[in-house]
Every structure is written in C-alpha cells, then in structure tokens.
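Asks: Everything below, folded, please.
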Amino acid sequence: MLDIKFVRDNPEIVKENIKKKFQDEKLPLVDQVIELDSQRRAAIAEVEELKAARNKLSKANGPLFGQLKKAEGAEKDKIQAQIDENMAAVKADEEALAKLDATVADLEEQIHKIMLVIPQIIDDSVPIGPDDSANVEVQRFGEPVVPDYEIPYHIDIMESFDGVDMDAAGRVSGNGFYYLMGDIARLHEAVLAYGRDFMIGKGFTYCIPPFMIHGNVVEGVMSQTDMDAMMYKIEGEDLYLIGTSEHSMIGKFIDQIVPENTTPVTMTSYSPCFRKEKGSHGIEERGVYRIHQFEKQEMIVVCKPEESPYWYDKLWNFSVELFRSMDIPVRQLECCSGDLADLKVKSCDIEAWSPRQQKYFEVCSCSNLGDAQARRLRIRIKGEDGKTYLAHTLNNTCVAPPRMLIALLENNLQADGTVKIPEVLWPYMGGTKVLTPKKK
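Replies: Purely as a prediction, here's the structure:
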C-alpha cells in the first residue's frame with residue numbers, strides 16, 4: 001500500500017508501475033484517488049476554519065455573560081440578543097461540522113479502498129513480463145538427474161508404502177484432501193521438524209501462531225484478489241483460517257512500535273494452512289501438489305528499510321541450503337512484474353527438480369514486501385532519536401510438505417522401489433535410513 005502523498009506527488013511513476021504490472025485497468029484509479037484526496041484536504045481545511053470560527057464565537061460569549069449580569073433594561077436585551085445570535089451561529093457551525101466530518105470520513109473510506117488495490121512500486125531489478133511464463137531462471141544448485149529407471153507418479157510412490165489414502169479423504173472431505181499414514185506420515189513430520197531446527201539454528205525464534213485471524217489483519221497482509229482466491233471465512237464470525245502462518249506472524253505486530261535496537265525480528269513458524277485455491281487449474285483428484293490443507297514451516301523478518309534487500313537474499317539462500325542438504329537439486333526463479341502480488345516489491349521462487357517430469361516445480365516462495373504490510377498494519381520502528389518510521393517485512397517458505405515430499409521421494413527413489421532417507425533426516429526418523437515399500 002502506497003503513501004497517498006507519494007501518489008499525489010508522483011502520479012506518473014505510479015501509473016508507469018501499474019503498466020509494468022500489466023494492470024492498465026487500474027490506471028484511472030490514480031487520477032481518481034488524487035481528486036478524492038484533493039476533496040478530502042479541502043473539506044479538512046473547511047473543518048478547521050469552522051472550528052476556528054466556532055471557538056471565536058464561543059470565546060466572545062464569555063465576556064458577554066459577564067456584562068449581562070451587570071446590564072439593565074435595553075442594554076441587557078441588546079447583550080442577550082448578541083449572545084443568542086452567537087449561540088445560533090455556533091449551533092449552525094456544529095451542524096456544518098458534523099456534515100463535513102461525515103464527508104471527510106466518506107472520502108477517506110473511498111481513498112482507502114482505492115489505495116488497497118493500487119500496487120506497490122516494484123524493485124528496479126524485477127524482470128518485466130505479463131505472467132509467470134516470463135519469470136527468469138537466475139541460477140541452479142545441484143545437478144538434475146534423470147535415472148535410467150521409471151519414476152512413478154508421486155501418489156503411486158506413496159501408495160507403495162501404504163502411506164496415503166485419497167479415496168477415504170474424498171469421502172470425508174472431498175477433493176483436495178488426503179490421509180497420510182505410516183512411514184510417509186512420519187517422513188512428512190520429519191521434514192517439518194528438520195525445517196524447524198534448521199531455522200532455529202540460523203538464529204530464528206520458533207513460534208506456533210494462531211491459525212485464525214481477524215479480517216483487518218487479512219486486509220493488512222494480502223491483496224483483496226489473493227484474499228478472495230485463498231481465504232476460508234468462519235461463518236458468522238470475524239475470523240479467517242490462515243493460508244500461511246506469515247499472515248498471523250506479521251499480524252502479531254499490528255499497531256506496534258518496535259524498538260530499533262531489537263531489529264531485525266526474525267521468526268520461524270509452524271502452522272497448518274487452508275486454501276480455497278479458487279481460480280487455480282483445479283484440484284488434482286489423485287495428487288497432493290495443489291490441495292486445500294497442508295502444513296508448513298515459514299520464516300518472516302521485520303527489519304529496517306535499508307536492511308530488507310540483505311534479508312531477501314539471505315532468506316531464499318536458506319531455502320537453497322535446506323534443500324541441498326537433502327540432495328534435492330533446485331533453481332532460483334525471479335518472478336516477473338506481472339506475476340508479483342500487488343503488495344510485493346520483489347519475489348522469487350525456489351523450484352525443486354522433478355526427475356519424473358524432467359522439469360522443476362515450485363516448493364518455496366520468498367518475498368520482500370517493503371513497507372506495504374507495515375503501512376496497512378501500522379507497524380513502526382522507533383529509532384534512537386525517538387522518531388518512528390515504517391518497518392519492512394519479508395517472508396519465505398522454509399518447507400511445505402507435501403510438495404517437499406514429492407521432491408524428496410522422486411529424487412531419492414531407487415530402482416528397487418526403496419527410498420533413501422537423507423542423512424539430515426535420520427534423527428527425525430528414529431535412525432531409519434531406507435524406506436522399503438510394502439507392495440510393488
């Protein structure tokens with residue numbers, strides 16, 4: 001969310017940014033919001049004038065009341081008439097003020113709604129393109145391998161271990177849900193526990209946040225488009241199920257002033273995640289790649305503005321390091337302008353290699369949101385000089401099984417159907433080093 005003063009002073013920059021994001025339908029909003037802001041400021045100026053006039057009249061009545069006590073006859077009537085005239089004018093001013101206050105409130109609401117959909121100014125380094133087809137591969141880590149034996153579909157691998165039941169989940173909850181069982185369920189939890197300890201080892205504070213948040217927090221952490229496509233609302237209550245723990249983690253700082261000497265705030269969080277996946281290419285009936293419910297280990301940073309580029313690079317590199325520690329080849333993909341959500345300044349995906357598909361697929365997403373979330377949620381940092389300024393916020397996926405499971409199973413599947421467990425996961429698997437299928 002941009003500062004209205006920035007929009008007012010830099011309308012062409014804002015419009016050019018909208019064009020770069022291929023959202024030309026939003027261009028008229030810039031002039032519209034500037035006009036509404038002009039009306040708002042004019043109304044506020046009129047409010048101040050009326051308040052000054054009202055105060056002047058009220059003060060004028062003070063001496064007149066004193067004179068009234070001493071006056072007699074016609075002089076007393078004259079003073080009383082002046083007092084009545086002033087009181088009538090004060091009342092008229094109060095009525096006019098009430099109308100103006102309502103006008104200002106209405107204009108501010110209109111401005112707020114428009115400002116919520118005008119996108120954040122993207123970083124100069126972001127590649128320009130209309131959609132994810134224009135995302136740019138930056139670098140690869142690890143050598144992608146295609147074995148000389150067939151890699152089955154990930155559900156088939158899981159089923160060979162009696163590790164998944166999509167049919168039962170469909171009967172209980174519908175498409176987009178699953179039961180994980182046995183070794184696969186344990187591997188799922190091992191990955192999450194390893195991700196937790198990996199981030200704690202990087203100095204991040206571990207947190208388990210609320211899994212439901214108020215609507216004002218939702219509005220603060222994401223765009224309206226993303227909210228409509230993702231969030232499940234609790235009927236009859238001002239509560240939403242989180243789509244990622246980033247939402248409640250950043251929401252933790254709503255209306256807070258963070259002392260500068262306590263920044264950066266670095267936290268890693270576990271949560272279940274719930275997503276409608278509205279507008280996606282459908283929920284796979286057999287797969288667990290795009291689903292309504294999953295678990296995730298997340299990382300967030302709240303820092304000084306000048307530090308956010310540093311933390312952006314640090315966060316996505318953590319993802320690379322974690323995946324490479326499990327011998328999974330990955331690549332970094334820079335998200336283009338048209339693929340950035342409106343609150344994001346810069347974003348990249350970490351994609352894991354799929355030997356079955358012989359291509360990479362998304363497993364992590366790292367974003368620098370600049371001051372967008374901080375402005376919406378009023379998250380400020382207080383400097384040593386006592387002055388406050390907006391924080392910058394960042395987030396990144398640590399691990400999000402079952403997508404992580406897909407990458408792990410495919411890249412560690414052996415010709416005989418067994419799956420090697422990466423060494424870093426052995427302690428979390430009770431020392432188990434190889435999973436042996438229960439059926440071929």
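
Asks: May I see the buried residues of stretch 375-392?
Replies: By neighbour count with 16 or more other Cβ atoms under 10 Å, stretch 375-392 contains the buried residues R375, R376, L377, I379, R380, I381, K382, L390, A391, H392. Where you see a C-beta, it was placed from the backbone N, CA and C, and this is true even at glycine.

Asks: Helices - which of those residues land there?
Replies: Judged by DSSP state H, the subset of the buried residues of stretch 375-392 located in helices is R375, R376, L377.

Asks: Contact partners for the first one?
Replies: With Cβ atoms under 8 Å, 6 or more residues apart in numbering as the criterion, the residues that contact R375 are M1, L2, D3, L390.

Asks: so which of those residues comes closest to G220?
Replies: M1 (8.8 Å; Cβ to Cβ).

Asks: What separation is there between the closest one and M249?
Replies: 19 Å (Cβ to Cβ, to the nearest Å).

Asks: any idea how far E334 is from the closest residue in space to P272 that isn't next to it in sequence?
Replies: Spatial nearest neighbour of P272, excluding adjacent residues (Cβ to Cβ, 6 or more residues apart in numbering): E295 at 5.3 Å. Here E295 is placed at a distance of 27 Å from E334 (Cβ to Cβ).

Asks: wait, S337 sits on D131?
Replies: No - because the distance of 9.8 Å does not satisfy Cβ atoms under 8 Å, S337 is recorded as not touching D131.

Asks: Could you check how far stretch 224-244 is from the centre of its chain?
Replies: Centroid separation for stretch 224-244 versus its chain: 13 Å, with Cα atoms, centre = their mean, to the nearest Å.

Asks: Can you list the buried residues in that stretch?
Replies: So, applying 16+ other Cβ under 10 Å, buried residues of stretch 224-244: M227, A229, M230, M231, Y232, L239, Y240, L241, I242, G243, T244.

Asks: hmm, which two among the residues you listed are most spread apart?
Replies: A229 and L239 (18.4 Å).

Asks: rewinding a little: between the buried residues of stretch 375-392, which sits nearest S347?
Replies: The closest of those, once distances to S347 are taken by Cβ to Cβ, is H392, at 13.9 Å.

Asks: Enumerate every residue touching the closest one.
Replies: V302, C303, K304, P305, E307, S308, N368, L369, G370, D371, A374.

Asks: circling back: buried subset of the contacts of R375?
Replies: M1, L2, L390.

Asks: rewinding a little: would a markdown table of the buried residues of stretch 224-244 with secondary structure be doable?
Replies: Below are the buried residues of stretch 224-244 laid out as a markdown table (DSSP: H, G, I helix; E, B strand; the rest coil):
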| residue | secondary structure |
| --- | --- |
| M227 | helix |
| A229 | helix |
| M230 | helix |
| M231 | coil |
| Y232 | strand |
| L239 | coil |
| Y240 | strand |
| L241 | strand |
| I242 | coil |
| G243 | coil |
| T244 | coil |
